[in-house]
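**Student:** Structure, please.
(one chain, ligands or ions: 1)
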Amino acid sequence: MKIFKDKQNLQKEIFKNKGISFVPTMGGLHKGHISLIKKSKKSKFKTLVSIFVNPKQFSKKGDFKSYPRNIKKDIKQLKKLKISYLYIPTFKDIYGFKTIEHVYLDKFSKKLCGKFRKGHFEGVLNVVNRFIEIIKPKYIFLGKKDYQQLYLIKKHIEKRKIKCKVIECKTIRENNGIACSSRNLNLNKNQIKVASNIYHYLYSLKKKIKKNYSFFYINKIKKDLKNLGASKIDYLENYNVKSFKKIKRQSKKFNLFIAYYIKNIRLIDNI
Ligand code: AMP
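**Tutor:** You can find the predicted model right below:
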């Protein structure tokens, strides 16, 4: 595994290949990231993983600072996985140049997390656009755990006619149902139990809603979630995951999208 900290040396090396399979991450690697990497390794191109905690996608400084980082452990894991390249850029390496493409921000960026995290998706699209210009990957591997993000990156790539295929990867969960996330490292034992109970509640709720839409009674659900230990709920909404249109009546093809807090830790999921 070759490690790069600047784009000049990285490009000199990777442009020798016919293409690159790219897995962008913010580090704090877990089973979710690893499944993306393993999928990428099965592709016909060499795998490049990036680790960059992008300050521009955090609206609160404290949230950026407390984001779990564990670079030594990450490097160890990536070496074991035998990826070809690891890119750990500095802020200047990513933001110190003018991009060719402008970011395309689909209107869906105003929904769900977009309503509650001002500037978040602008920050995500900005950094992804930059990574794509630096790496020029043929494939980019993204997790459905962050379905809204995945959708918006896909729209940007389509709209800007960038020759890069988005490979959608399923959400990986812990045995207790919680979606693997770097932020889980900030949860204590009791909080993990709360998150697990909330997952199981939502899982059975979805089954009920599929049979009878009147079970989607938001005030009751919010009350139940609070009783289970959620401190605050940003949103709980149903979307069709093909069209990304809101479900208004009985349907079989939807996911329940949620963002909620346990104390000051914000978790998102879609089930
Ligand atoms: P992050 O490091 O959180 O920015 O995530 C990097 C990539 O891993 C994104 O494409 C995420 O959607 C994906 N990812 C994060 N958690 C999971 C998970 N539990 N299952 C599958 N993919 C995930």
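
**Student:** before we move on, which element is Val124 in?
**Tutor:** helix 120-135 (DSSP states H and E).

**Student:** Determine if any part of that helix is in contact with the ligand.
**Tutor:** No: Helix 120-135 does not reach the ligand (Cβ under 6 Å from any ligand atom); its nearest approach is 8.6 Å. Using the backbone N, CA and C atoms, a C-beta is placed for each residue, glycine as well.

**Student:** Then stretch 164-171?
**Tutor:** Yes: contact of stretch 164-171 with the ligand (Cβ under 6 Å from any ligand atom) involves 169, 171.

**Student:** if we can go back for a sec, tell me the buried residues in the helix holding Val124?
**Tutor:** 120-121, 123-132, 134-135 (16 or more other Cβ atoms under 10 Å).

**Student:** which other helices and strands contact it?
**Tutor:** With contacts taken as 3 or more Cβ pairs under 8 Å, 6 or more residues apart in numbering; DSSP states H and E, helix 120-135 sits against helix 7-14, strand 20-25, strand 46-51, helix 91-95, helix 113-116, helix 147-159.

**Student:** Could you count how many residues lie near Lys38?
**Tutor:** Lys38 has 15 neighbouring residues, counting by other Cβ atoms under 10 Å.

**Student:** I figured it was touching Lys80, is that so?
**Tutor:** No: using Cβ atoms under 8 Å, Lys38 is not in contact with Lys80; the gap is 11.6 Å.

**Student:** most centrally placed residue in the chain?
**Tutor:** Asp146 (3.7 Å; Cα atoms, centre = their mean).

**Student:** Does that residue touch Ile268 like I think?
**Tutor:** Yes: Asp146 lies in contact with Ile268 (Cβ under 8 Å); the separation is 7.3 Å.

**Student:** can you confirm Ile140 is in a helix?
**Tutor:** No: counting by DSSP: H, G, I helix; E, B strand; the rest coil, one finds Ile140 to be strand, located in no helix.

**Student:** Contacts only, for it.
**Tutor:** Ile140 makes contact with 21-24, 132, 153, 157, 164-167 under the criterion Cβ atoms under 8 Å, 6 or more residues apart in numbering.

**Student:** In a markdown table, list the buried residues of helix 120-135 along with distance to Ser50 and pLDDT.
**Tutor:** Shown next, in a markdown table, are the buried residues of helix 120-135 (distance: Cβ to Cβ, whole Å; pLDDT from 0 to 100):
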| residue | distance to Ser50 | pLDDT |
| --- | --- | --- |
| His120 | 19 | 97 |
| Phe121 | 19 | 98 |
| Gly123 | 15 | 98 |
| Val124 | 13 | 98 |
| Leu125 | 16 | 98 |
| Asn126 | 14 | 98 |
| Val127 | 10 | 98 |
| Val128 | 10 | 98 |
| Asn129 | 14 | 98 |
| Arg130 | 11 | 98 |
| Phe131 | 6 | 99 |
| Ile132 | 11 | 98 |
| Ile134 | 9 | 98 |
| Ile135 | 8 | 98 |
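
**Student:** Check those against the ligand and report the nearest one.
**Tutor:** Val124 (8.6 Å; Cβ to the nearest ligand atom).
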